[in-house]
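Asker: Need the 3D shape of this:
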Amino acid sequence: MTNNAKTREDGRPHDTRAAPSRQPAEELLILCSRTRLSALEVARIKALLYRRIDWDRLIKLSCDHMISQLVYWHLSRVLPEEVPAAVLETLQGIFHSVLQRNLVLGGELQKLAKLFDVNGITMVPYKGPILAQQVYGNLALRPFIDIDLLIRKEDFTRVKKLLLAEGYESLYHRSTAEEEFRLLSDCEYHVVNPSNCVVVEIHWGVWEESVFPTQAVTDVLQRSQRSSFLGVNVLTLSPEDSLVFGCMHLAKHWWSELRLICDVAELIRAHPQTDWTKVVEIADELHCKRLLYLGISLAHDLLGASLPEGALTPIAGDARVIQVALDVEETLFEEHERRPTLVETYDVMRLQDRFRHKIHTGLWFILMPRDKDYEWLPLPRHLIKLYYVLRPLRLSIHYGRAFVRSML
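Answerer: Take a look at the predicted model:
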C-alpha cells in the first residue's frame, strides 16, 4: 500500500489500483450470486441483459464457481425474454440435475441423523445440505457434492465401525498400518455409500490439529443448536461458529470459488442477530482471525454483505490481508491452472495469526504423509515411520523437477 492511500468509510485504506475491469458476463454472475436481490440489483441485472453478453462464458463460469443454481433462479425471473432460449434451457437442465442430486444427498443425511441418534453419538452436519436449507432457504439453490459431519475425536472408531456395518465403504486404498499412521495427524475420514455414490466426510477438526485443537471441537459441539432438517431433528452449528467455519472453508479452497464467498455473505444475511464479539472470540481461539476478516471482507466487497459498523476496522493496517483480498478480486475469473500445493500452503501460512502456527502448518505440509507418499513407496508396518523422511524426499524430487522444467 502506498502512504497516500485514503481511508474508506469501513476503516480500511483505499488501494491506489483501479477496480478490476469485468466483462458483462462476470458482472452478471456476481449480481446473481445471492439469494435475494434489491431493487437496485434487479435494475443492474436488467441493464446488463441489454448489453452484449458472452453467454458461453457465463455458463462456464457459473459451473466452475458452482453458482449456476442462483444464476438460473434469477435470470428466469428478472428478464427471461432477454436471455437466449438455449441458454435458459441449458441452465434449467443444470438446475434440475443438481436439485435431483441434492435430494439424494438430503435423504442420505436424514438417514445418517437417525442412525447416529439411535446409537447415541453426537454429530453435527454442516456445510452442504444444512447451508442449502437453513441459510439459502431452498435445497435447490446451493449445490453440494458430499455430506460433512463433525464428531468428537474419541467417537471416531465407533463411528467408523457403525458406518462400515451399514454398508459404507472406505474411500481410501491404504493398508491397516498406513491408515493408523495417517490418522495420527489427520482430522477427517471419508466413506462412500456404494448404492448411490454419496460420499460422507467425517471430521473431528477443520484443519490439522496443530491449528484446530481437539478441545475446539468439544466447544463447538457444546454451542450447537437443535434444528429440523427435512423433518428430522439434528444439531447444527451456532450462527457464530457457522460464520467462522465458512471463512475457514473458503481459505481451504484458496478463495477461488464464488460459491464459498456467497456462503459467507448468505450466513451474514441469514443471521442478522449474530454476536460479532463472539465470532471474533471464536476466531481468536482457533487462531484464524485474519482468515475471518478476509472472508467477510470479500463477502462485503464482492457481494454487498451488510456488516456491523467497524467490523473491518481491525484489518485497516493489515497490508497482507488487504493485498490478498485485492488479488482474489482481481483474479477470481481468470483462467489458470491450480497452483502448486506448496504455494497454496505458503499463502495460508502468511495469514495465520501466530508464528508457531505458521511453523506447525509448514511442518505439517513437509512431514505428514499423504496417499501419494504411500503409493510412491509402500512400506511394511515396522518401517512406517520412515514416511517422515520419505515425504520430504519425494517433495524435493517433485518440486525440483518442476523448477528445472520451468528453467528450460
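
Asker: SS state for N138?
Answerer: Three-state call for N138 (DSSP: H, G, I helix; E, B strand; the rest coil): coil.

Asker: quick one, phi psi at it?
Answerer: Dihedral pair for N138: phi -160, psi 120, per degrees, to the nearest 10.

Asker: Could you tell me which residues make contact with the nearest residue to it once chain neighbours are set aside?
Answerer: In space, and not counting its chain neighbours, N138 is closest to A132: 7.0 Å by C-beta to C-beta, 6 or more residues apart in numbering. The way it works is simple: take the backbone N, C-alpha and C, and place the C-beta from them, glycine included. Counting by C-beta atoms under 8 Å, 6 or more residues apart in numbering, A132 makes contact with 102, 138-142, 144.

Asker: From L91, how far out is A132?
Answerer: In this view, A132 and L91 are 18 Å apart by C-beta to C-beta, to the nearest Å.

Asker: mind listing the strands for the stretch 1-150 of the chain?
Answerer: In the stretch 1-150 of the chain, strands defined by DSSP state E, counting those that start in this stretch lie at 124-126, 146-150, listed in chain order.

Asker: which helices and strands does the longest one pack with?
Answerer: With contacts defined as 3 or more C-beta pairs under 8 Å, 6 or more residues apart in numbering; DSSP states H and E, strand 146-150 has these neighbours: helix 85-118, strand 124-126, helix 128-130, strand 198-203, helix 214-223.

Asker: What residues of the last one count as buried?
Answerer: Which is helix 214-223. 216-217, 220-221, 223 (16 or more other C-beta atoms under 10 Å).

Asker: What of the longest one?
Answerer: By neighbour count on 16+ other C-beta under 10 Å, the buried set for helix 85-118 is 87-88, 90-91, 94-95, 98-99, 101-102, 105-106, 108-110, 112-113, 116.

Asker: what about the protein, any weak spots by pLDDT?
Answerer: For the chain, the stretches flagged by pLDDT under 70 are 1-19, 207-215, 336-341, 408.

Asker: Give me the domain ranges for it.
Answerer: Annotated domains of the chain cover 21-83, 99-237, 238-368 [automatic domain parsing].

Asker: Might you report the residue contacts of the most centrally placed residue in the chain?
Answerer: The C-alpha lying nearest the average C-alpha coordinate of the chain belongs to H249 (C-alpha atoms, centre = their mean; 3.3 Å). Taking C-beta under 8 Å, 6+ apart, we find H249 in contact with 127, 206, 260, 263.

Asker: Tell me the one among these nearest to E169.
Answerer: Within the contacts of H249, proximity to E169 (C-beta to C-beta) peaks at K127, which comes in at 22.0 Å.

Asker: Leaving out sequence neighbours, find the closest residue to the closest one.
Answerer: Nearest non-adjacent residue to K127, counting by C-beta to C-beta, 6+ apart: D148, 4.7 Å away.

Asker: List the beta-bridge partners for that neighbour.
Answerer: For D148, the beta-bridge partners are Y126, E201 (DSSP bridges).

Asker: correct me, but it touches P125?
Answerer: Yes: under the criterion of C-beta atoms under 8 Å, D148 makes contact with P125 at 6.7 Å.

Asker: can you redo the helices and strands packed on strand 146-150 as a markdown table with distance to G295?
Answerer: A markdown table is the format used below for the helices and strands packed on strand 146-150 (distance: least, C-beta to C-beta, whole Å):
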| stretch | distance to G295 |
| --- | --- |
| helix 85-118 | 24 |
| strand 124-126 | 15 |
| helix 128-130 | 18 |
| strand 198-203 | 19 |
| helix 214-223 | 17 |
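
Asker: Compare the ones you listed and give me the one nearest E26.
Answerer: Once the helices and strands packed on strand 146-150 are compared by C-beta to C-beta, helix 85-118 is nearest, at 15.7 Å.

Asker: From the chain's centre, how far out is the closest one? Work that out for me.
Answerer: 19 Å (C-alpha atoms, centre = their mean, to the nearest Å).

Asker: show me the residues around I67 that make contact.
Answerer: By C-beta under 8 Å, 6+ apart, the residues touching I67 are 29, 32-33, 258-259, 262.

Asker: Narrow the residues you listed to those that are buried.
Answerer: By neighbour count, with 16+ other C-beta under 10 Å, those hold 29, 32-33, 258-259, 262 as buried.

Asker: just curious, which of these is nearest to Q323?
Answerer: Of all these, Q323 sits closest to L258, with 20.0 Å by C-beta to C-beta.

Asker: coming back round to it: quick check, nearest of the buried ones among the contacts of I67 to Y374?
Answerer: Ranked by distance to Y374 (C-beta to C-beta), the buried ones among the contacts of I67 are led by R259 at 31.5 Å.

Asker: Name the nearest residue to that closest one, sequence neighbours excluded.
Answerer: Per C-beta to C-beta, 6+ apart, closest to R259 is M66, 4.2 Å.

Asker: Which residue ranges of the stretch 151-300 of the chain form helices?
Answerer: 156-165, 176-182, 214-223, 239-252, 258-270, 276-285, 289-303 (DSSP state H, counting those that start in this stretch).

Asker: Select, out of those helices, the one closest to R405.
Answerer: helix 239-252 (27.8 Å).
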